[in-house]
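> Next input, structure requested:
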Amino acid sequence: MLALTLTLILSQTPPAIPAELLQRFEQERPVVLQAMAAKYACEKPRGKREPLCDAALSEKRGTAADIRGQKAMVGVSWLVTRGKAGKIVVSAPRLSALALNESGVGVLGAITDITPENAEEKKLLTRLAKDYEAFLSGRKATVVLPEYLRAGLSGWSKSANHPMEKKDGAWAFKGAPGTLRKVGDRWVMVGMVGAGDGIGVSIFTP
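Here you go, the predicted structure:
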């Protein structure tokens, strides 16, 4: 069965983030998003949708839309870093999932990378990540998840327990840096990854 490796701590009390890492993320985020917008010419009219433009312009175009019910959404994540001369480097897409639950005490959430446990699963997830990337850009009409993966995500989503709050026109995981906004019909997450080098961006679709 595929492993669900959490990329955000789901504990009610996530570990404190060192001030220097948080400061680095807050400094890098606007610079990287601006560089992404320039790289993909996001402000210009486009013939097809560029998924990373949804992330680059999420702070301008995204909203803290209502989160109702319980659902698991699937999409892709990228790590975006600045290379030589400030040019950005975008990693290969990774298959990811987002759970949003409405409870009596507020909104609870979870976000995860879906990781393989063997070579066969690695091949499958690589293909699915590319399929979702093509779907998000309008180059593919649909993506069909294997039933066992869909069932696993449905079960995992019920365990989402990280409190979320509205903050500055976005949803935020309490105690963790990053924002979740709805851009059109998609949810876009911009957050810190690992030691704070670059930023992580994720795009999810129902």
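> Okay, buried residues for stretch 58-69 please.
58-59, 62, 64, 67 (16 or more other C-beta atoms under 10 Å). All C-beta atoms are positioned from the backbone trio N, CA, C, and that covers glycine.
> Repeat that for stretch 27-41.
28-29, 32-33, 35-37, 39-40.
> ok, back up a step: what's the most distant pair in the buried residues of stretch 58-69?
Largest separation among these by C-beta to C-beta: 59 and 67, giving 18.7 Å.
> What about the nearest residue to residue 37 once chain neighbours are set aside, how many residues nearby?
Spatial nearest neighbour of residue 37, excluding adjacent residues (C-beta to C-beta, 6 or more residues apart in numbering): residue 56 at 4.1 Å. Number of residues near residue 56 (other C-beta atoms under 10 Å) recorded here: 27.
> And residue 56, how far from residue 34?
8 Å (C-beta to C-beta, to the nearest Å).
> For the residue sitting furthest away from the middle of the chain, which three-state class applies?
Going by C-alpha atoms, centre = their mean, the residue of the chain most distant from its centre is residue 85, 26.4 Å out. Three-state call for residue 85 (DSSP: H, G, I helix; E, B strand; the rest coil): helix.
> and if you look at residue 44?
coil.
> which residues touch the host helix or strand of residue 25?
Per DSSP states H and E, residue 25 falls inside helix 19-39. If you take C-beta atoms under 8 Å, 6 or more residues apart in numbering as the criterion, helix 19-39 is touched by 42-43, 52-53, 55-59, 80-82, 86-88, 90, 177, 190, 192, 195-199.
> hey, where'd the strands end up in the protein?
All strands of the chain, identified by DSSP state E, fall at 3-6, 70-82, 88-90, 94-103, 106-115, 162-167, 170-173, 178-183, 186-191, 199-205.
> Is it possible to get JSON lines of those strands that adds mean neighbour count, distance to residue 142 and mean pLDDT?
Output for these, formatted as JSON lines (neighbours: other C-beta atoms under 10 Å; distance: least, C-beta to C-beta, whole Å; pLDDT from 0 to 100):
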{"stretch": "strand 3-6", "mean neighbour count": "13", "distance to residue 142": "23", "mean pLDDT": "52"}
{"stretch": "strand 70-82", "mean neighbour count": "20", "distance to residue 142": "12", "mean pLDDT": "88"}
{"stretch": "strand 88-90", "mean neighbour count": "16", "distance to residue 142": "24", "mean pLDDT": "91"}
{"stretch": "strand 94-103", "mean neighbour count": "21", "distance to residue 142": "16", "mean pLDDT": "85"}
{"stretch": "strand 106-115", "mean neighbour count": "21", "distance to residue 142": "18", "mean pLDDT": "85"}
{"stretch": "strand 162-167", "mean neighbour count": "16", "distance to residue 142": "29", "mean pLDDT": "86"}
{"stretch": "strand 170-173", "mean neighbour count": "22", "distance to residue 142": "27", "mean pLDDT": "90"}
{"stretch": "strand 178-183", "mean neighbour count": "21", "distance to residue 142": "20", "mean pLDDT": "92"}
{"stretch": "strand 186-191", "mean neighbour count": "24", "distance to residue 142": "15", "mean pLDDT": "93"}
{"stretch": "strand 199-205", "mean neighbour count": "24", "distance to residue 142": "11", "mean pLDDT": "92"}
